[in-house]
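Colleague: take this sequence and fold it.
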Amino acid sequence: MRRKTVGLYTPYLDVMGGGEKHILSILKVFDEAGYNVVIFWNTNLSFDIQNKLKLSFHHLRFDKDLRNMTFIEKAKKLAPLEWLFYVTDGSYFFSPAKQTAIFCMVPDKKLYHMSPINSIKTTNSHFIANSHFTAQNLHSWGIKSSVLYPYISDELFQETTPQKKPMILTVGRFFKHLHAKKQDKLIQSFLKFQENHQEYELVLAGGVKKEDEEYVEELKKTYQHHSVHFRTNIAFGDLQQLYKNALFYWHFTGLDVDPVTHPYQVEHLGITPLEAMASRAIPFCYNAGGPREIIDSGKNGFLFKSEYELLQQMNYVMNSSVLQTHLREAAYQFVHKSFRYNTFAHHVKKLFYIK
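Modeller: Numbers count the residues shown, from 1 in each chain. Predicted structure coming up:
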């Protein structure tokens, strides 16, 4: 019997970030169920998908970018698909695939302007959001969506309690635009914390694209301190070790942003805090957007609204090793229950009718 085929189009595939891993993981579930998978991208990125995102496929091929196809050629390529998944850059197109899903990972109103023509183009499309925060924003713009959380890689789960170091970790791409990770503000807060806790070090890890290298150099020059360390573009195994070593995890995305007027500048979910929790680190996240869905403040981590509140929370936790143990275990159990691959695959199969 001929295999069924699903396809993916996203103009951001080469970013190879959390959003790309999320949508490719959906296709991986189809792949494991025996479907062929085709990605519309001009070059074969299988190696990067395997090495950067730790995803492997049995039935994957690449085809020409949809942007380089004529209308007729595009129709011929898409019509046989059981599902077409795509990420919009603000533009939409008529999809002749049997089913179409539009994957929404950035709650930016400019991307989801449902003009009369766009409404017609997406009449039979399913919108998939990466968090309830994203879904709520879509709803306010007249779009109904289903929420599908990502999963955390099995390698990051610390099944046994690791021996932690006096280290605070933050992980996120280094850039100033969109939902910037606010590394500068984070360093400033750490230096205040470190005045009374000199044994602690701060490690800032994350990817750096060429256009953002100047920003990283600016940070390094401004904050030359023996306890502040930068780890850029590191291998997955090195990142795994950082998570294992860190006792605390800080996340500043959304700081000083109005989540109502600029929701795209707020953390949409918070994959790296979840990864830290899987590694039994205690998360401290800015109290807005996606982190509100994953942090039960005081029980499996903390949410803060200001630097003062963060430092107060840190001092509170620092004074009790018993509380630290409780928080680390609660964080781990929360992610272990809700963000394993098997749970993710179950939701994908249910949402997209995979038997």
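Colleague: going by C-alpha atoms from here, please, whenever you check contacts or count neighbours.
Modeller: Fine.
Colleague: quick check: longest helix of this protein.
Modeller: helix 321-338 (DSSP state H).
Colleague: contacting residues around that helix?
Modeller: For helix 321-338, the surrounding residues in contact (C-alpha atoms under 8 Å, 6 or more residues apart in numbering) are 157, 274, 277-282, 298-301, 317-318.
Colleague: list the buried residues for the helix or strand following that helix?
Modeller: Going down the chain from helix 321-338, the next helix or strand is helix 341-351, by DSSP states H and E. By 16 or more other C-alpha atoms under 10 Å, the buried positions in helix 341-351 come out as Tyr341, Phe344, Ala345, His347, Val348.
Colleague: kindly report the same for stretch 154-161.
Modeller: So stretch 154-161, judged by 16+ other C-alpha under 10 Å, has buried residues Leu156, Phe157, Gln158.
Colleague: which among those gets closest to Tyr215?
Modeller: The closest of the buried residues of stretch 154-161 to Tyr215 turns out to be Leu156 (C-alpha to C-alpha; 28.7 Å).
Colleague: ok so, going back, avg pLDDT for the longest helix of the chain?
Modeller: Mean pLDDT, computed over helix 321-338, is 97.
Colleague: same deal with stretch 290-302?
Modeller: Mean predicted lDDT for stretch 290-302 stands at 97.
Colleague: run the chain-centre distance for that stretch.
Modeller: The chain centroid and the centroid of stretch 290-302 are separated by 17 Å under C-alpha atoms, centre = their mean, to the nearest Å.
Colleague: one more: stretch 203-220?
Modeller: 19 Å.
Colleague: how about residues contacting it?
Modeller: Contact partners of stretch 203-220, identified using C-alpha under 8 Å, 6+ apart, comprise 167-176, 183-184, 228-234, 239.
Colleague: if you count neighbours, what's buried in that stretch?
Modeller: Val203, Leu204, Ala205, Gly206, Gly207, Val208, Val216.
Colleague: would you turn those residues into CSV with pLDDT?
Modeller: Below are the buried residues of stretch 203-220 laid out as CSV (pLDDT from 0 to 100):
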residue, pLDDT
Val203, 98
Leu204, 97
Ala205, 95
Gly206, 91
Gly207, 86
Val208, 87
Val216, 93
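Colleague: most widely separated two among those?
Modeller: Val203 and Val208, at 15.1 Å, using C-alpha to C-alpha across these.
Colleague: show me what contacts Met17?
Modeller: You called it Met, but residue 17 is Gly. Taking C-alpha under 8 Å, 6+ apart, one finds Leu53 in contact with Gly17.
Colleague: Gln188 is in contact with Gln194, correct?
Modeller: No: under the criterion of C-alpha atoms under 8 Å, Gln194 is not in contact with Gln188, lying 10.0 Å apart.
Colleague: which parts of the stretch 101-250 of the chain are helices?
Modeller: Per DSSP state H, counting those that start in this stretch, the stretch 101-250 of the chain carries helices over the ranges 116-121, 132-140, 183-194, 213-222, 236-245.
Colleague: strands along the stretch 1-150 of the chain, start to end?
Modeller: 5-9, 36-40, 60-63, 83-86, 99-104, 125-129, 145-147 (DSSP state E, counting those that start in this stretch).
Colleague: okay, buried residues for the fifth one please.
Modeller: Buried residues in strand 99-104, defined by neighbour count with 16+ other C-alpha under 10 Å: Gln99, Thr100, Ala101, Ile102, Phe103, Cys104.
Colleague: wait, isn't the first one in contact with Trp83?
Modeller: Yes: with the criterion set as C-alpha under 8 Å, Gln99 and Trp83 qualify as a contacting pair; they are 4.7 Å apart.
Colleague: list the residues that contact the residue lying closest to Ala180 once chain neighbours are set aside.
Modeller: Distance criterion C-alpha to C-alpha, 6 or more residues apart in numbering; nearest residue to Ala180, sequence neighbours excluded, is Thr253 at 6.1 Å. By C-alpha under 8 Å, 6+ apart, the contact set of Thr253 is His179, Ala180, Lys181, Lys182, Gln265, Val266, Glu267, Cys285, Tyr286.
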